[in-house]
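Q: sequence below, structure please.
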Amino acid sequence: MNAPIPTQIVPSARLSKMSPQAVEDEFLGMVDAGLPIRSAGTTKRAPRRLFGAGYVPRFKAQLFDSVFYFSELRQNVDIRFSVTYIVQPTRGGARAAFPRIFYKDVSLVWRSASHFTAEWIGKGDIKPTIEDGYEVMYSAEETTDLPFEIQHAVETVCRHTAEIRRDDKALARVLRQAPVGRVPAYSDFTGPRRRAHANPRNRIHGGRPVAWFTRRHDPESLRFAAGFEPDFGDGGVLEVTATKSRLYGGRVRRFRVLSRNRKIHYLFMAAPRHVWIIPAQALTTELSTYGVRTVDVEAADELFVPGYEYHFVDDSVDPPELISQIPPGFAGAMSEVEPGRCDATAWLDRLPVVREFRRRVLEFSGRRGPGRARTAPAVRA
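A: Presented below is the predicted three-dimensional model:
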């Protein structure tokens, strides 16, 4: 049987101290020396056109055997993003650069878009779920979440971008355009995931959920598989970093927390009023050419409802239809910043794990004062 993908607990990546010009010179020098650029968009046959369009790397960070070269932030009508080149060994052993679109979701997690259509940004793989006794395929957005260990580096790119320019052409230049209505990603995104999950030794908890609810729509019924609970004790909280959000009312702290058995980790987001959890991740060191992990952590989606989530009436259909990703009965006031999204605090604050986090981590850190971000030494998981 093939060996499992290695795992490692490492500090979050930080941007290189190289100047933006030095980063640009280094990357373009590698390209001039023969480093191939494998674009999936309209620049596929002439990828150097990306430089002429202004997407030259200005910042650099490394995680495992992948090096991330970030261009400055841009935005279109929907998202803020960075055209990022991921340089890593290919299956044949030679290194190549893969241009990707890294963008920030409303949950404040950075993602790597898998493709795009005229309607939406592709959100990765699809997974089955059972609804009313029928199997339904849904978009598994968490499969596009960048590793927790690179999130702070991308966030730092935002702070170092002096002017965020409007750009409505980047997606087409970088990503593969799919027909209208296509939801699943293409094989360059899904293939590495299929290969990773084909080895049973890579499956977290045997592929079974690490967290679930014993009663539908009851936050108090949350249960964790033994050992997969977040560890809020000494050594469990690896790092604390921060960002800002107008949607969430100011400073938002991010707490990277290990599970008790050190098999997975969680990212807890703490805003002035909200606490929510980003979908848990494995600690595996293999990243695909999209910069995302190839191994999943299965858990109930309701555990990872963001502070504000979709909840609105779609009156474009007859009869009008309620569209909601907040469990029934728990939707609060609609956001004044993001129309169509409502406050999910009523659900989140009744999750036992959120209550424990508030008591053991937030109240404790509040008594100690604001403090500084913490980092963890690299250890094998």
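Q: going forward, measure contacts and count neighbours with C-alpha atoms only.
A: Will do.
Q: which residue lies closest in space to the most centrally placed residue in the chain, excluding its sequence neighbours?
A: Nearest to the mean C-alpha position of the chain, by CA atoms, centre = their mean, lies residue 145 at 2.1 Å. Residue nearest to residue 145 in three dimensions, not counting chain neighbours: residue 111, with 4.4 Å by CA to CA, 6 or more residues apart in numbering.
Q: surely the one you found is in contact with residue 148?
A: No: under the criterion of CA atoms under 8 Å, residue 111 makes no contact with residue 148, lying 10.4 Å away.
Q: the helices in the chain, which residues?
A: 20-32, 49-52, 148-160, 170-174, 187-198, 345-348, 352-357, 363-368 (DSSP state H).
Q: redo these as TSV? Include mean pLDDT and mean neighbour count.
A: Listed next are the helices of the chain as TSV, based on pLDDT from 0 to 100; neighbours: other CA atoms under 10 Å:
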stretch	mean pLDDT	mean neighbour count
helix 20-32	98	16
helix 49-52	97	14
helix 148-160	95	19
helix 170-174	97	22
helix 187-198	96	16
helix 345-348	98	22
helix 352-357	98	17
helix 363-368	66	11
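Q: which pLDDT does the model give residue 136?
A: At residue 136, the predicted lDDT confidence score is 72.
Q: distance of it relative to residue 126?
A: Distance of residue 136 to residue 126, computed by CA to CA, to the nearest Å: 10 Å.
Q: quick one, which of the two is more surrounded?
A: Higher neighbour count among residue 136 and residue 126: residue 126, with 17 against 12, using other CA atoms under 10 Å.
Q: ok, the more buried one - contacts?
A: If you count contacts by CA atoms under 8 Å, 6 or more residues apart in numbering, residue 126 has them with 137, 138, 139, 140, 183, 184, 185.
Q: cool, and residue 224?
A: 210, 211, 212.
Q: identify the bridge partners of it.
A: Per DSSP bridges, the residues bridged to residue 224 are residue 211.
Q: what's the distance between it and residue 145?
A: For residue 224 relative to residue 145 (CA to CA), the value is 22 Å.
Q: please enumerate the strands of the stretch 151-300 of the chain.
A: With strands called from DSSP state E, counting those that start in this stretch, the stretch 151-300 of the chain shows them at 165-166, 211-213, 222-224, 237-245, 250-258, 264-270, 275-282.
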